[in-house]
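Enquirer: what's the 3D shape of this:
(one chain, ligands or ions: 1)
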Amino acid sequence: MNLPPAVEIDEVICQCYQVKESTIREVIAKDNLKDIDSVTGACEAGGGCHSCHILIQLFIDQNQEKATVMEDLVHDHGQKVKKKGILSRFFKKV
Ligand code: FES
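Expert: Numbering: from 1, shown residues only. Purely as a prediction, here's the structure:
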């Protein structure tokens, strides 16, 4: 039996603006963006309720190959999370 081709999961990360993970990672990598405001300016992600800021910061850190300290991210951005599912996605991606 042949296995199906690998399915790339490209989730919507910013629910307010329906921006997918691939788009956010692309704009961060393209211009080496280092803060959430710049990402919002480039693709609108993070410009609404701010729930996705924790994931955007994680992607920025990963682009810079920075060791992400989970406690710091949750401390800095956890309280902004208002949309369901964002935190479970965060812990899946760490
Ligand atoms: S989910 Fe990204 S700003 Fe609301």
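Enquirer: Alongside the ligand, which residues does the protein contribute?
Expert: 14-16, 45-52, 83 (C-beta under 6 Å from any ligand atom). C-beta coordinates here come from the backbone N, C-alpha and C atoms, glycine included.
Enquirer: For these, which entry has the maximal number of neighbours?
Expert: Of all those, residue 52 has the most neighbours under the rule other C-beta atoms under 10 Å, reaching 31 neighbours.
Enquirer: sorry, back to before: among the residues of the chain next to the ligand, which has the minimum pLDDT value?
Expert: Among the residues of the chain next to the ligand, residue 83 carries the lowest pLDDT, at 84.
Enquirer: Was I right to think residue 34 contacts residue 59?
Expert: No - the criterion here is C-beta atoms under 8 Å, and residue 34 misses it with residue 59 at 11.4 Å.
Enquirer: State the pLDDT value of the nearest residue to residue 78 once chain neighbours are set aside.
Expert: Leaving out its chain neighbours, the residue that sits closest to residue 78 by C-beta to C-beta, 6 or more residues apart in numbering is residue 54, at 6.4 Å. pLDDT recorded at residue 54 is 94.
Enquirer: for residue 54, what are its contacts?
Expert: 73-74, 76-78, 80-81, 86-87, 90 (C-beta atoms under 8 Å, 6 or more residues apart in numbering).
Enquirer: Residue 80 now?
Expert: 49-51, 53-54.
Enquirer: could you redo the last one with a cut-off of 7 Å?
Expert: Contacts were defined as C-beta atoms under 7 Å, 6 or more residues apart in numbering; by that measure residue 80 touches 50-51, 53.
Enquirer: Ok, residue 90 next?
Expert: Per C-beta under 7 Å, 6+ apart, neighbours of residue 90: 54-55, 58.
Enquirer: Recalculate using a threshold of 10 Å.
Expert: 13, 52, 54-55, 57-58, 70, 73-74, 77-78, 81 (C-beta atoms under 10 Å, 6 or more residues apart in numbering).
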